[in-house]
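Asks: I need the structure of the sequence given here:
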Amino acid sequence: MDLDTLVQKIVAFRDERDWRQFHNPKDMALSLMLEASEVAEHFQWKGKEEMDSYVQNHKEEVGEELADVLYWVLLMSHDCGIDILAVSEKKLAQNAAKYPIEKAKGKHTKYTEL
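Replies: Just a heads-up that it's a prediction; the model follows:
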């Protein structure tokens, strides 16, 4: 399935249930944050080795939470008239300029500190 088809399916799912009335940008942003916190909850209090094992044994559950995050990103960008692919490509180019390989490779330093 391509991205446009996925967006169409998400919008149809929402609209068939007459939920658009509840989907203003603020509430969609809150839903996105709540779903992202559910992803984070899978990793809370786990060390590296435990996380690696956990992911291997809970891929489906983690994947479902990631799908929920993607759902809200795609729905919100659709409703706000944002071409998320175009913006993502532009943002990647901006980040490449902020974090040139020769300065950033192997470092977690913020671009202002490189």
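Asks: Cys80 contacts Lys26, doesn't it?
Replies: No - using C-beta atoms under 8 Å, Cys80 is not in contact with Lys26, being 11.6 Å away. For glycine as for every other residue, the C-beta is placed from the backbone atoms N, C-alpha and C.
Asks: near the residue lying closest to Leu74 once chain neighbours are set aside, how many other residues are there?
Replies: Using C-beta to C-beta, 6 or more residues apart in numbering and skipping residues adjacent in sequence, the residue nearest Leu74 is Val7, 5.2 Å away. Using other C-beta atoms under 10 Å, Val7 has 16 neighbouring residues.
Asks: please apply the same query to Lys105.
Replies: 8.
Asks: distance of Val39 from Glu50?
Replies: Distance of Val39 to Glu50, given as C-beta to C-beta, to the nearest Å: 16 Å.
Asks: quick one: which of the two has more around it?
Replies: Val39 (16 against 11).
Asks: for the residue nearest to Leu74, give me its contacts.
Replies: The contact partners of Val7, taken as C-beta atoms under 8 Å, 6 or more residues apart in numbering, are Leu74, Leu75, His78.
Asks: repeat the analysis, applying 10 Å as the threshold.
Replies: Going by C-beta atoms under 10 Å, 6 or more residues apart in numbering, Val7 touches Tyr71, Leu74, Leu75, Ser77, His78, Ile84.
Asks: quick one: which of the residues you listed is most hemmed in?
Replies: Neighbour-wise, the contacts of Val7 (other C-beta under 10 Å) top out at Leu75, 21 neighbours.
Asks: and the gap between the closest residue to it other than its chain neighbours and Gly81?
Replies: Excluding its sequence neighbours, the residue lying closest to Leu75 (C-beta to C-beta, 6+ apart) is Ile10, at 5.4 Å. To Gly81, Ile10 is 15 Å away according to C-beta to C-beta.
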